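[1] 3D model of this:
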Amino acid sequence: MQTLLNIRTSLFGATGQSSLLAQHFIADWVARDPDGRVVTRDLAAQPVPHLTAASFQAFATKPGERTAEQQAAVAYSDMLIEELKSADTVVLSVPMYNFSVPSTLRAYFDHIARAGVTFSYTSAGPEGLLKGKQAYVFITRGGVYAEAVDTQTPYLRQFLGFVGINAQFIHAEGLAMGDATRDRSLAAASDTIARLPNFAAAA
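    Numbering: from 1, shown residues only. Sure thing, here's the model as predicted:
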């Protein structure tokens, strides 16, 4: 049975434009794989705490030497990582907030980037350990941003690739630039979703 992990980051939850585009994809995914399992993690409703010196130190401490507090921090990170490891397909809905990704997503990444767990350093450079997954990233923006000022896509591609996850991006821009521009952009994104490969069936 295939599993899809839906990571939602919009402050508006399921009604955010990025969430709605992601849900469009998920509905198609479920239609193609009715036995598939969908797990949703809403980072706005249940934010991951920002990384602290204490939690960072807990990750670096050997298991047998961790305090109870450190073990709790590691257990929380392990839970997030196991949830991600169990997914075959990952869907991220990512609105642009102040020229970047939501801080809740950055916090989530800080808890799943663990040396020896989700990536390793080798003589040839870093190697991602979460291989065999496909991510679909739905990015929505109020304005229109040329590649030179797109701070989201390169960051997300680099991070996901760093842990071994291939990503495909679907953008919807100009959503605050009038109804006509918004509707055209959302319609184009919907058309792109309809043409995406059936990853669930191919896996």
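
[2] Where do the helices of this structure begin and end?
    Ranges of helices in the chain, per DSSP state H, are 17-32, 53-60, 68-85, 103-112, 153-162, 179-194, 199-202.

[3] Include mean neighbour count when you put those helices into a markdown table, please.
    Bear in mind the C-beta positions are built from the backbone N, C-alpha and C, glycine included. Below are the helices of the chain laid out as a markdown table (neighbours: other C-beta atoms under 10 Å):
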| stretch | mean neighbour count |
| --- | --- |
| helix 17-32 | 20 |
| helix 53-60 | 14 |
| helix 68-85 | 15 |
| helix 103-112 | 20 |
| helix 153-162 | 16 |
| helix 179-194 | 14 |
| helix 199-202 | 14 |
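
[4] With distance to residue 125 and mean pLDDT added, can I get the ones you listed in TSV?
    Shown next, in TSV, are the helices of the chain (distance: least, C-beta to C-beta, whole Å; pLDDT from 0 to 100):
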stretch	distance to residue 125	mean pLDDT
helix 17-32	32	96
helix 53-60	21	96
helix 68-85	21	98
helix 103-112	19	98
helix 153-162	10	97
helix 179-194	32	96
helix 199-202	27	42
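
[5] Which one of those helices lies nearest to residue 170?
    Of all the helices of the chain, it is helix 179-194 that lies closest to residue 170, at 5.1 Å by C-beta to C-beta.

[6] Tell me which residues are up against the closest one.
    Contact partners of helix 179-194, identified using C-beta atoms under 8 Å, 6 or more residues apart in numbering, comprise 17, 21, 24-25, 28, 138, 170-176.

[7] nearest to residue 67, of those?
    Checking the contacts of helix 179-194 one by one against residue 67 (C-beta to C-beta), the nearest turns out to be residue 138, at 39.8 Å.

[8] Good, we can wrap up now.
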